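[1] Quick check, what structure comes out for this input:
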Amino acid sequence: MSKLIKVLKLESDCQRGANQNRSRALVAGGAGFLGSHLCERLLRDGYDVVALDNFHTGKKNNLNALLRNPRFMCIEHDIVNALPSGLRFDEIYNLACPASPPHYQADPIHTFKTSVLGSLNLLELALQNNAKIFQASTSEIYGDPFVHPQPESYFGNVNTHGPRSCYDEGKRSAETLFFDYSRTYGLNIRVARIFNTYGRRMQPDDGRVVSNFIVQALQGKDLTVYGHGLQTRSFCYADDLIEGFVRLMNAPNAPAHPVNLGNPSEFTIMELATLVIDYTNSRSKIVHRPLPIDDPRQRKPDISFARANLGWEPKVGLRQGLARTVEYFDTLLYGGQLAKGATAS
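    All right, here's what the predicted structure looks like:
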């Protein structure tokens, strides 16, 4: 029998098998790119871990190694719907929402519901359990910013009715819910604003710029750059980001505001494209396409608070992280044969 256990069996197994001396964590979106890394980290840290995912964008194969661990279980469930009754957790991480434009724009209403109704369901679960709860928010909160770099105090410049709004406004609404639950009920919340992240377990069809470029380069296709490619992004390797999650959740005092987590090293999209071509030994050319609606011109986190209060900052630079990510995609798509020599750190 598969260990991707259906909800009813999982409830009873969780309640029977939990070790009362270990903390229990729920990771909503646990089969996703970041969620699976977080589950892995929490297991290493000694938690009993339950992943919850509807598998719309999360992948079951991200959990293959974890399913052999007796302290790990998985619920197939959509957080938009009422959660199973009787679940008990000490910590809840909400990472459940598509995060790339092609995925969240494919069903914008469901995306918005995931951020709002899903957050409400998890907040109520945290309230019932007196559990700490973490919200994976986003740098998209800042929209196309007029303040650079972006501090947590900046309210942003977001289009409320554009094609990206289902994600941007959904995440803004989720932040509102989290802080209202904190003020109203004293709930112990942690909210992270995540900047561009990349690494192992991204999907080839992820739709984000790092995965797009690497897959195009490995396939010998032209790299698609939108606009002139002078817009900037700051790219954080997944392992660094997960360390930030854990430090924020474990901080003795809950910050009274969201916390930026990202790499403050800033690159233009053209610089990224050139690096990817170099690291894949590709002969791909760069082609330009019209800039999408509401695409931010610049994005760079001010991580002063995380440095000072969490002792956190990224350790993996873009070149080192790209080498690892190219190796991952090369192995995934071609068994590691295509980009030999492209992965030296």
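[2] in stretch 326-333, what's buried?
    Neighbour-count burial for stretch 326-333, counted by 16 or more other C-beta atoms under 10 Å, picks out Val326, Glu327, Tyr328, Phe329, Asp330, Leu332, Leu333. In short, each C-beta sits where N, CA and C put it, glycine included.
[3] From Arg88, how far off is Ala131?
    Using C-beta to C-beta, to the nearest Å, one obtains 9 Å as the distance from Ala131 to Arg88.
[4] More neighbours: which of the two?
    More crowded of Ala131 and Arg88, by other C-beta atoms under 10 Å: Ala131, with 20 against 14.
[5] For that one, give me its contacts.
    Ala131 makes contact with Phe89, Asp90, Glu91, Ile92, Leu125, Asn188, according to C-beta atoms under 8 Å, 6 or more residues apart in numbering.
[6] Switch these over to CSV; also include distance to Ile141.
    Formatted as CSV, the contacts of Ala131 follow (distance: C-beta to C-beta, whole Å):
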residue, distance to Ile141
Phe89, 26
Asp90, 28
Glu91, 23
Ile92, 21
Leu125, 24
Asn188, 21
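[7] Buried ones only from the residues you listed, please, as a ChimeraX command.
    To isolate the buried members of the contacts of Ala131 in ChimeraX, using 16+ other C-beta under 10 Å:
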select :89,90,91,92,125,188
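[8] From the contacts of Ala131, pick the one nearest His103.
    Within the contacts of Ala131, the smallest distance to His103 is 22.9 Å, found for Ile92 (C-beta to C-beta).
[9] tell me the SS of the closest one?
    strand (DSSP: H, G, I helix; E, B strand; the rest coil).
[10] Beta-bridge partners for it, please?
    Applying DSSP bridges to Ile92 gives these bridge partners: Leu26, Ile133.
[11] Cross-check the contact I'm expecting between it and Asn121.
    No. Between Ile92 and Asn121 there is no contact, the gap being 10.4 Å when judged by C-beta atoms under 8 Å.
[12] Would you mind pulling up the elements that the helix or strand containing Thr325 packs against?
    Assigned by DSSP states H and E, Thr325 belongs to helix 318-334. The contact analysis (3 or more C-beta pairs under 8 Å, 6 or more residues apart in numbering; DSSP states H and E) places helix 318-334 against strand 197-198, helix 209-218, strand 236-237, helix 269-279.
[13] what comes into contact with the host helix or strand of Val225?
    Here Val225 sits within strand 223-226, counting by DSSP H and E. Contacts of strand 223-226 with the rest of the structure, by C-beta under 8 Å, 6+ apart, involve 212-213, 216-217, 269-270, 273, 276-277, 284-292, 295.
[14] What's the ChimeraX syntax to select whichever of these are buried?
    ChimeraX command restricting the contacts of strand 223-226 to the buried ones, with burial defined by 16+ other C-beta under 10 Å:
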select :212,213,216,217,269,270,273,276,277,284,286
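[15] Asp144: what's it in contact with?
    With C-beta under 8 Å, 6+ apart, Asp144 has these contacts: Asn157, Asp294, Asp295, Pro296, Arg297.
[16] Spatially, which two of these are the most separated?
    Asn157 and Asp295 (12.8 Å).
[17] ranges for the strands of the stretch 51-200 of the chain?
    Ranges of strands in the stretch 51-200 of the chain, per DSSP state E, counting those that start in this stretch, are 72-76, 91-94, 132-138, 189-194, 197-198.
[18] Mind putting those into CSV with mean pLDDT and distance to Tyr237?
    Listed next are these as CSV, based on pLDDT from 0 to 100; distance: least, C-beta to C-beta, whole Å:
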stretch, mean pLDDT, distance to Tyr237
strand 72-76, 96, 24
strand 91-94, 98, 19
strand 132-138, 98, 16
strand 189-194, 98, 13
strand 197-198, 98, 7
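[19] Quick check: which of those strands is nearest to Ile303?
    Of all the strands of the stretch 51-200 of the chain, strand 189-194 comes closest under C-beta to C-beta, at 10.2 Å.
[20] outside of that closest one, which residues touch it?
    So strand 189-194 is contacted by 34, 132-139, 141, 152, 175, 178-179, 181-182, 236, 241, 244-245, 248-249, 251, 254-255, 257-262, 301 (C-beta under 8 Å, 6+ apart).
[21] Just these: which are in helices?
    Judged by DSSP state H, the contacts of strand 189-194 include Leu34, Glu175, Phe178, Phe179, Tyr181, Ser182, Leu241, Gly244, Phe245, Leu248, Met249 as members of helices.
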